[in-house]
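**Q** coords please:
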Amino acid sequence: MINVGVLGATGAVGQRFVQLLANHPWFQLTTLTASERSAGKPYGRIVNWRLDAPFPEAVADRIVSPTTVEAVKDLDIVFSALPADIAGTLEAEIAEAGVIVCSNASSHRMDPDVPLLIAEINPDHIGMIELQHDSGRDGCIVTNPNCSTIMLSSSLVPLLPKQIESVTVATLQAISGAGFDGIPGMAICDNVIPYIGSEEEKMESEPRKILGSFNGAEIEQADFSISASCNRVPVIDGHMLSVWVKAGCDLNEAKKAYAEWRAPFSGLPTQPEETLHIFEEPDRPQTRLDRNRGGGMTVSVGRIREGIRYTAMGHNTIRGAAGSSVLNAELLKTKGYI
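**A** Next comes the predicted model:
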């Protein structure tokens, strides 16, 4: 078995990592880290489990470690759910110690030698790991994108051969994206908040790296503009996007591209049967009905219409965070990096 740990195991994304890894067929979850005040105590006693999935009793008695290099240096992989201000330095130190870091944090996403990876979308970018090894790093850092970026980038892939010129996107993002304590109830109940700090900047930059080409030395970013407006809405899980794409195709060609697109590989444990599910119904996807499709790993696309315009939706803490990071690690294993 491959020994793995979770950095920041008590938060919203950390709990998702624990849920997905507790009974994973390839990975053995041996280490959970949290703040100093939680270290030394059983995970089941200190975690306030808030997921809609049952608490994995197998980790209830696992003693929580402090979030340090020393705590994880003997592991094969660590999954990072750390805040960006902590992740920046610590993830680099862990990678220098020879450990593979699969990170959900934003700190290293745009580093020129770090893959910003969606396993089925840009698997060839995994070759960027060699750039890190060439610089003397024994381990490596692999990041997954921002939650809404994952939905947008995945939904754009079938249109890439159609010469995308520009993308405009408006998001309706769930409150779980802000963490358990991120938005007071009185602020979001009966309300829509038309601002999410740094979200629009991430959505306008990250997809161009993800959908660009890796030439063996660097990423040649995708050559189209993105304009994003991000809104927080009173939904617990599931980010919805309204997308407008200017591309060199008509509606029929766009629909055909979506109908024919398939993931470049299959069979990884966390991979859904459908990376993209295409709806023909005029009122789908819907957050409550479709966010758990494919175990929360499927991105749903519907209302494809003249323009080209469509709606995309996915589960923000599974496909948009922990699930994508676990799937990235599974890809690393199949490619011989673990």
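**Q** For the residue lying closest to E165 once chain neighbours are set aside, which residues are in contact?
**A** Nearest residue to E165 in three dimensions, chain neighbours excluded: K246, at 4.4 Å (C-beta to C-beta, 6 or more residues apart in numbering). Just so you know, the C-beta spots here come from the backbone N, C-alpha and C atoms, and that holds for glycine as well. Neighbouring residues of K246 by C-beta atoms under 8 Å, 6 or more residues apart in numbering: 164-167, 308.
**Q** which residues does K246 bridge with?
**A** S166 (DSSP bridges).
**Q** Could I get the pLDDT score of it?
**A** Among the per-residue scores, K246 holds a pLDDT of 98.
**Q** I figured R303 hits M313, correct?
**A** No - counting by C-beta atoms under 8 Å, M313 is not a contact partner of R303; they are 10.5 Å apart.
**Q** Among these two, which residue is more densely surrounded?
**A** M313 (27 against 17; other C-beta atoms under 10 Å).
**Q** so which helix or strand takes in that one?
**A** strand 309-314 (DSSP states H and E).
**Q** which outside residues touch that strand?
**A** With C-beta under 8 Å, 6+ apart, strand 309-314 has contacts from 150-152, 154-155, 238-245, 285-287, 290-291, 296, 298-304, 320.
**Q** same question, stretch 81-101
**A** For stretch 81-101, using C-beta under 8 Å, 6+ apart, the contacting residues are 6-9, 11-14, 16-17, 67-69, 72-73, 75-78, 80, 103-108, 132, 137-142, 321-322, 329, 332, 337-338.
**Q** what about burial for those residues, which qualify?
**A** Buried members of the contacts of stretch 81-101, counted by 16 or more other C-beta atoms under 10 Å: 6-9, 11-14, 16-17, 67, 69, 72, 75-78, 80, 103-108, 132, 137, 139-142, 321-322, 329, 332, 337-338.
**Q** Restricted to strands, list those residues.
**A** 6-7, 77-78, 80, 103, 140-142 (DSSP state E).
**Q** For the stretch 101-250 of the chain, just list every one of the strands.
**A** Taking DSSP state E, counting those that start in this stretch, the strands of the stretch 101-250 of the chain run over residues 140-143, 166-173, 213-214, 219-220, 225-232, 239-246.
**Q** Relative to A60, tell me which of those strands wins on proximity.
**A** Across those, A60 has its closest neighbour in strand 140-143 (29.3 Å, C-beta to C-beta).
**Q** State the mean pLDDT of the closest one.
**A** Here the average pLDDT along strand 140-143 is 98.
**Q** same check, this time on stretch 274-283
**A** Stretch 274-283 comes out at a mean pLDDT of 97.
**Q** if I look at Y195, how far off is R50?
**A** 25 Å (C-beta to C-beta, to the nearest Å).
**Q** Is the residue lying closest to E281 once chain neighbours are set aside bridged to anything, and to what?
**A** Using C-beta to C-beta, 6+ apart and skipping residues adjacent in sequence, the residue nearest E281 is G302, 6.7 Å away. Bridge pairing for G302 (DSSP bridges) gives the partners T311.
**Q** Was I right to think G302 contacts Q286?
**A** No - counting by C-beta under 8 Å, G302 stays clear of Q286, with 9.1 Å between them.
**Q** of those two, who's got more company?
**A** Neighbour count, other C-beta under 10 Å: between G302 and Q286, G302 has more, with 21 against 16.
**Q** unless I'm mixing things up, E120 is touching F265, no?
**A** Yes - E120 lies in contact with F265 (C-beta under 8 Å); the separation is 7.1 Å.
**Q** Compare those two (neighbour count), which wins?
**A** E120 (23 against 12).
**Q** Now the phi/psi pair for the more buried one, please.
**A** phi -80, psi -10 (degrees, to the nearest 10).
**Q** ok, it - contacts?
**A** So, once contact is read as C-beta under 8 Å, 6+ apart, E120 ends up touching 154, 263-265, 271, 275.
**Q** ranges for the helices of the stretch 151-300 of the chain?
**A** Per DSSP state H, counting those that start in this stretch, the stretch 151-300 of the chain carries helices over the ranges 185-188, 199-210, 251-260, 287-290.
**Q** now for those, which one comes closest to G179?
**A** Closest among the helices of the stretch 151-300 of the chain, using C-beta to C-beta: helix 185-188, at 12.7 Å.
**Q** Next, the contact list for E253, please.
**A** By C-beta under 8 Å, 6+ apart, the neighbours of E253 are K162.
**Q** Against V157, how distant is it?
**A** Counting by C-beta to C-beta, the gap from E253 to V157 is 15 Å.
**Q** likewise E260?
**A** Going from E260 to V157 by C-beta to C-beta gives 12 Å.
**Q** Check T334 too.
**A** From T334 across to V157, the span is 20 Å (C-beta to C-beta).
**Q** According to the record, where do the domains of the protein fall?
**A** As given by automatic domain parsing, the domain ranges for the chain are 2-146+321-334, 147-315.
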